[in-house]
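Peer 1: predicted model and sequence below, questions to follow.
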Amino acid sequence: MTRERGGATVRMARWSATHPWRAVCAWVLFVALCVGAGSVVGTRTSDTGLATGEALRAARMEDGAGLTAPAVENVLITARSGALDRPSAQRAASDVRARLEKLPQVTEVAEAVPARDGSALLVRATMAGTADDAGANVRPLLDATGATGGAYPALRVEEVGDASMSAALDTRLDGDFHKAELVSIPVTLAILLVAFGALLAAGVPVLLALSSVGAAIGLSALASRLVPATDVLDSVILLIGMAVGVDYSLFYLRRDREERALGRNRIDAVEIAAATSGHAVVVSGLAVSVAMCGMFVSHSSTFHSLAIGAILVVAVAVLGSVTVLPALLAGLGARLERPRVPLVWRLTARRQGEGRFWPAVLRPALRRPAATLTLSVVALLAIAAPATGMRLKLLDDSDLPRTLPVMQSYDRLTAAFPGTGSSLRVVVRAPAAQAAGIGRALTGLAEETARRPLFNDDGPVRPRTSRDRTVTTVDLGVGHRAGTADAKRALDLLRRQLLPQALRGIPVTEHAVGGPVALTADFTDDATDAMPWAIGFVLLFTLVMLMAIFRSPVVALTAIVLNTLSAAASYGLLTLVFQHHWAEGMLGFHSNGAIVTWLPLFLFVVLFGLSMDYHIFVVSRIQELVRQGLPTTQAVARGITGSAGTVTSAAVVMVAVFAIFATLSTLDMKQLGVGLAAAILLDATVIRAVVLPAAMILLGRANWWTPRLLSRSGTPTAAVSPDHEPRRAVVDELR
C-alpha cells in the first residue's frame, strides 16, 4: 500500500488530502503573494536588449558615459497619388516643424531634407529625455503630425521612429497576450471536457495552470531584478505554463479516477496517484528545469531570462500538482465527476478500453518492426532535411507586422530614405584631451563610408561627445537589412579595416562597433557558439536521468535518439514554413527568409524536457509489464495502448495551446508556436506509437540490460505501478 512508501511526494499528498482546505488556502495565499510582489516590484527589462559581444561593450560604454542616443522621430511627407507637389510639401514641412518645436517633449527639429529622387521630404525631431521614456511621451508628437496631415489632405504626412513603432507594437502585443489567454482557456477546457466528460474534472487542471502562470509571472518580475527580462518572457511563461500545468494535472487526475473506479477510498486513491503519476510529474518537472539550464551556457541575458521564466513556471506547476491538486481531489471526492456533460460523459465511459484507433496505429510496429522503424526514421529524416539550410536572424523593425499602419509608413520611409533603416554605431572611449582628434577622425570615417556601396547615409553625419568628453559616438547608415550577408560584410569591413585606419595614430583607450546590424551579427554568433554546448549538456543530463530511472543504458540511449529525431523534424518543418513563402497566407506573416536567432536553442531544450512526460509515462508501464513476466512484444502493446488515452489528451492540450501562438502577430511567436506544436504532435504520435515500439521490439531483452554498477543501486523507480491498472469491467460498472 502507498502508506508504506514514505516518499516526499506521497507525504505531501497525504497531508493535503487530509487537510484539503488548508492546502487550498495556502496555495491561494502563495499565488496572491507572488502576483502582489511582482506587481509592487515591477519587471526590469534589459537596458542593452539583446546585445552581446562587441555590441554589448559598445552599449555599456555609451551607458557609462550617459551618452545613450536620444529618440528620433521621422516625419515623412509624400504625395497620396502622383508626383510630389514640392511647394505644398515645403509648406507642410514648415507647419509640422512649427508644431513640433512648441512641444516640451521635443528638443530639436531639423530642416526638411528631400529624397534623392524628389518623391518625399523628411523632417527629423529629437525627443527630450531618454530613449526608454520616449514610448510613453510620443503621443503629443503623433497628434501634431496628424494635425498637419489633416491640414494638407493631398499629402501623406506620417510619423515613424523607434518610439512610435514601440508604442504601436506594445499595444498590439498586449492585445496578443490577452488574445492568447482568452482563446487558450476555452480551447483547453473544451479538450478536457471531451477527455473527462465532467465540468469540474475539466476545470481543475485549467485553474491550476492559470494560477501557476500568474504566480510564475510574479516571481519572474522579482527575478528580473537580478537578470533583466526579455520582451517575450510573459508570452513564453503563458505558453509553457498552460501546457505543462494542464499536462501534469491530467496525469494525476486520470490516475486518481482509475483508483477510485477500482473502489479505493479518496485518501488511498490520492496516495496511489502521488506514488505513480505524482512521481512522474516531479521527474518530468526536474527534466524540463535542468534542460532549461542548458541556455545558461550562452552569454546572452535573453537566454538567461527565458530559462529562468520557464524554470519558474514549471517549478510552480509541479508544486501545485503535488500539493493543492491532491487537496482538491480529496476535498471534492465524487463531486469531481459533476456536473456531467450527458453525451460527452457516455463517450468517455465507452473510451475506457483500448479502443480501435491506437491498436491499429501500433499494428505495423508489432508485425514488421524492422520495416516500420526504417520507413518512419527515413520519413523523419526527410522532414528534418530542410533544417540543414536554416538561416538565423534577429527580428528588427523590418520584420514587424505589416498590418500595423506605422510599419506601412516605415516601408515608405526606408524606400525614400534607405539610410534611415539599418545602422552601425561606432563608440570610442579615450581621455578627454583626445576628444577633438577623435571627433575629426570619426567625421573622416563617415566621409569614407559614404563613398562605399555597403553604406548609405541620407544627410550629414555628426559625431556626439559625452559631457566629460571621454566617449564619442557616430551612427553610420547601412544600405542593407540587419542579418543579410551585405550588412555583415559592412560590419566586418568597419571593424577590421575602416575604424582601425581612422583611429591610427590616436592613443585610444577602447573602441567598439554596436547598433542594430552589429547586435544581430553578435547575437547570432553567440547563439551558434552556444548551441553545441547546450545540446551536449541536455543530452548528458537526459542520459544520466533516464539511466537512474530505468537502470538501462539502452532505454536511455533510445530516448536520446528518438528525442533528437523529433527535434530535428520540427527544425525541418520550421525551415519549410518560415524561410519560404508558401505558408504566408495560411499563417498571416511575411517571410524574412530566416528563423529567429534565439528559437533553435530554446526549442531544443524545451522539447527535450517536455518529451520526458510521455517517455517516462509510457516506458515505465512497459518496463513494469516486462518485470511481471510478459514478453517484450506483449508488454509494448499493452503499455502503449494502455497509456495512449492519457498521452493523447495531454498532447492535444499542448498542441492546441502552442498552435494558438502561431496565430499571434509577431513572427517570433508564430515560429515558437509552430515549432513546439509540430514537435509535440510528432513526439506523441509518430515517435511514441510507431518508432518507439518498433525499436523496443527489435531490441527485445536488450532493452533491459543493466550493468553491475546500476544494478547495485536498487530497483528502477516506476512512474506507474501495474498493481493499480484499472480493470475495464469495474470501470464500466462504475460508469
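Peer 2: Everything's here; your move. Numbering: from 1, shown residues only.

Peer 1: gap between the helix or strand hosting residue 616 and the chain center?
Peer 2: For residue 616, the element it lies in under DSSP states H and E is helix 599-627. Centroid separation between helix 599-627 and its chain, computed with C-alpha atoms, centre = their mean, to the nearest Å, is 20 Å.

Peer 1: and the following helix or strand past it, what does it pack against?
Peer 2: Per DSSP H and E, the first helix or strand lying C-terminal to helix 599-627 is helix 632-661. Helix 632-661 sits against helix 162-196, helix 233-261, helix 357-367, helix 599-627, helix 667-682, helix 692-699, with contacts defined as 3 or more C-beta pairs under 8 Å, 6 or more residues apart in numbering; DSSP states H and E. The C-beta positions use only the backbone N, C-alpha and C, and glycine is treated the same way.

Peer 1: buried ones in helix 632-661, by neighbour count?
Peer 2: By neighbour count on 16 or more other C-beta atoms under 10 Å, the buried set for helix 632-661 is 632-633, 635-661.

Peer 1: stretch 499-514 now?
Peer 2: 499, 502, 503, 508, 511, 512, 513, 514.

Peer 1: find the nearest non-adjacent residue to the last one, please.
Peer 2: Read that as residue 514. Nearest residue to residue 514 in three dimensions, chain neighbours excluded: residue 58, at 3.0 Å (C-beta to C-beta, 6 or more residues apart in numbering).

Peer 1: and the one you found, that one's in a helix?
Peer 2: Yes - assessed with DSSP: H, G, I helix; E, B strand; the rest coil, residue 58 lies in a helix.

Peer 1: which ones are touching it?
Peer 2: Residue 58 sits next to 51, 425, 427, 512, 513, 514, 515, 518 when contact means C-beta atoms under 8 Å, 6 or more residues apart in numbering.

Peer 1: residue 484 versus that one, what's the distance?
Peer 2: Residue 58 is 20 Å from residue 484, where distance means C-beta to C-beta, to the nearest Å.

Peer 1: over to residue 97?
Peer 2: Relative to residue 484, residue 97 is positioned 34 Å away (C-beta to C-beta).

Peer 1: wait, residue 176 touches residue 668, no?
Peer 2: No - using C-beta atoms under 8 Å, residue 176 is not in contact with residue 668; the gap is 11.4 Å.

Peer 1: residue 454: which of the helices and strands packed on helix 632-661 is closest?
Peer 2: Evaluated over the helices and strands packed on helix 632-661, closeness to residue 454 peaks at helix 162-196, with 23.3 Å, by C-beta to C-beta.

Peer 1: elements contacting that closest one?
Peer 2: strand 72-79, helix 131-137, helix 139-151, helix 199-223, helix 233-261, helix 342-350, helix 405-416, helix 632-661.

Peer 1: let's go with 6 Å and repeat that
Peer 2: Packed against helix 162-196 by the contact rule (3 or more C-beta pairs under 6 Å, 6 or more residues apart in numbering; DSSP states H and E) you find helix 131-137, helix 199-223, helix 405-416, helix 632-661.

Peer 1: just put those helices in CSV and tack on mean pLDDT and distance to residue 251.
Peer 2: Below are the helices and strands packed on helix 162-196 laid out as CSV (pLDDT from 0 to 100; distance: least, C-beta to C-beta, whole Å):
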stretch, mean pLDDT, distance to residue 251
helix 131-137, 75, 43
helix 199-223, 90, 10
helix 405-416, 84, 44
helix 632-661, 82, 6
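
Peer 1: returning to that earlier point: do you know which of the helices and strands packed on helix 632-661 lies nearest residue 208?
Peer 2: helix 233-261 (5.2 Å).

Peer 1: so which residues of the stretch 451-600 of the chain form helices?
Peer 2: Assigned by DSSP state H, counting those that start in this stretch, the stretch 451-600 of the chain shows helices spanning 485-493, 499-502, 516-550, 553-578, 584-587, 599-627.

Peer 1: and the nearest residue to residue 225 once chain neighbours are set aside, how far is that from residue 299?
Peer 2: Excluding its sequence neighbours, the residue lying closest to residue 225 (C-beta to C-beta, 6+ apart) is residue 44, at 5.8 Å. Distance, residue 44 to residue 299, using C-beta to C-beta: 19 Å.

Peer 1: what's the answer for residue 619, then?
Peer 2: 36 Å.

Peer 1: the two: which has the busier surroundings?
Peer 2: residue 619 (29 against 16; other C-beta atoms under 10 Å).

Peer 1: how near is the nearest residue to that one once chain neighbours are set aside to residue 78?
Peer 2: What sits nearest to residue 619 in space, not counting adjacent residues and going by C-beta to C-beta, 6+ apart, is residue 555, at 6.1 Å. Per C-beta to C-beta, residue 555 is found 65 Å from residue 78.

Peer 1: burial count for residue 356?
Peer 2: Residues near residue 356, counting by other C-beta under 10 Å: 8.

Peer 1: quick one, what contacts it?
Peer 2: Neighbour list for residue 356: empty [criterion: C-beta atoms under 6 Å, 6 or more residues apart in numbering].

Peer 1: would you turn the helices of the stretch 451-600 of the chain into TSV with mean pLDDT and distance to residue 205?
Peer 2: Converted to TSV, those look like this (pLDDT from 0 to 100; distance: least, C-beta to C-beta, whole Å):
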stretch	mean pLDDT	distance to residue 205
helix 485-493	89	47
helix 499-502	91	57
helix 516-550	86	25
helix 553-578	90	24
helix 584-587	80	28
helix 599-627	82	14
